[in-house]
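Chemist: fold the following for me, if possible:
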Amino acid sequence: MSKCQSVWVLFVAMVAQLAEQCFCKAKVACSTHARSTKTRINVIIPIAATMVNWATFIAFVQKQGYESPTRILDKEGISIDDMSAILGALGNRTALENIRKSYENKTTDYIQLIFIDDSANMGIAINSGLKVRNHGNFNIISGTLTQYIDFIIVHSRISSPLIRYANDIYTLLNKFGLKECFADYTRETHEDGIFTLRHL
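Modeler: From the prediction side, this is the model:
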């Protein structure tokens, strides 16, 4: 077993409240997307996500006799503050290649995200693997990054009634530094600012 492959086994992640930086990015993403479209369906705000305890992770891996899992990130200038960093550290390719292949390899399963939206639209629960709980005027949505990407890919098409919802979540994930998870897809913009994703 190679050192990089061993890191997969040694991976430790902690679920914690989303960093303030991510909240700021999300607000910018929502407001920017709102201005680019004539109609808004809802506002989606992140409230929690998987956060990596890098100090513990690094110390544990090095104690086993392996090099720091952040070395592969340093080679490409990827900050550990980037949400995609853990995806880059897991795998036997370069960090960027690991991120680009993370959805295919399902390392995206290791990241959990929780959002609040004010639409109270339960369509997302019926048409995805995401867990949705309604609280009157708003929903709390939770799932793995894999499940969110599944939802985005399926519903980022003109025929889907949830296309704007999928577009909003895609925009937020991009702001979180997860753009490369969609490296196998190209974005095509249509009227009213909506966009579809097409597999390359």
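Chemist: ok, Asp109 - contacts?
Modeler: Residues near Asp109 by CB atoms under 8 Å, 6 or more residues apart in numbering: 144-146. The C-beta positions use only the backbone N, C-alpha and C, and glycine is treated the same way.
Chemist: tell me where this protein has helices.
Modeler: Remark: helices assigned in the chain by DSSP state H are 3-10, 20-36, 54-63, 71-74, 85-89, 95-100, 102-105, 123-126, 145-155, 163-175.
Chemist: ranking the ones you listed by mean pLDDT, which is last?
Modeler: Ranked on mean pLDDT, the bottom entry among those is helix 3-10, at a mean of 39.
Chemist: if we can go back for a sec, now rank the contacts of Asp109 by neighbours and give me the top one.
Modeler: Leu145 (26 neighbours; other CB atoms under 10 Å).
Chemist: just send the contacts of Asp109 back as TSV, with distance to Thr70 too.
Modeler: Shown next, in TSV, are these (distance: CB to CB, whole Å):
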residue	distance to Thr70
Thr144	23
Leu145	20
Thr146	23
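Chemist: which strand runs longest in the protein?
Modeler: Determined from DSSP state E, the single longest strand within the chain is strand 44-51.
Chemist: so it versus helix 145-155, what angle?
Modeler: Here the directions of strand 44-51 and helix 145-155 differ by 140 degrees (axes from the mean of the first three to the mean of the last three CA atoms, to 10 degrees).
Chemist: per-residue confidence averaged over strand 44-51?
Modeler: Per-residue scores along strand 44-51 average to 91.
Chemist: which secondary structure elements does that strand contact?
Modeler: Counting contacts by 3 or more CB pairs under 8 Å, 6 or more residues apart in numbering; DSSP states H and E, strand 44-51 is packed against strand 14-17, helix 20-36, strand 112-117, helix 163-175.
Chemist: from Gly88, how far out is the residue of the chain positioned farthest from its centre?
Modeler: Relative to the mean C-alpha coordinate of the chain, counting by CA atoms, centre = their mean, the farthest residue is Gly65 (30.8 Å). Look at Gly65 and Gly88: by CB to CB, to the nearest Å, they are 22 Å apart.
Chemist: equivalent analysis for Gln147, please.
Modeler: Distance, Gln147 to Gly88, by CB to CB: 21 Å.
Chemist: ok, now Leu96?
Modeler: With CB to CB as the criterion, Leu96 and Gly88 are 7 Å apart.
Chemist: hang on, the earlier thing: from the contacts of Asp109, which is closest to Gly77?
Modeler: Leu145 (22.1 Å; CB to CB).
Chemist: what residues are up against that closest one?
Modeler: So Leu145 contacts 108-113, 173, 178, 181 (CB under 8 Å, 6+ apart).
Chemist: buried subset of those?
Modeler: Buried members of those, scored by 16 or more other CB atoms under 10 Å, are 108, 110-113, 173, 178, 181.
Chemist: thought Phe115 was touching Ile124?
Modeler: No - the pair Phe115 / Ile124 is not scored as a contact, 9.9 Å apart, by CB atoms under 8 Å.
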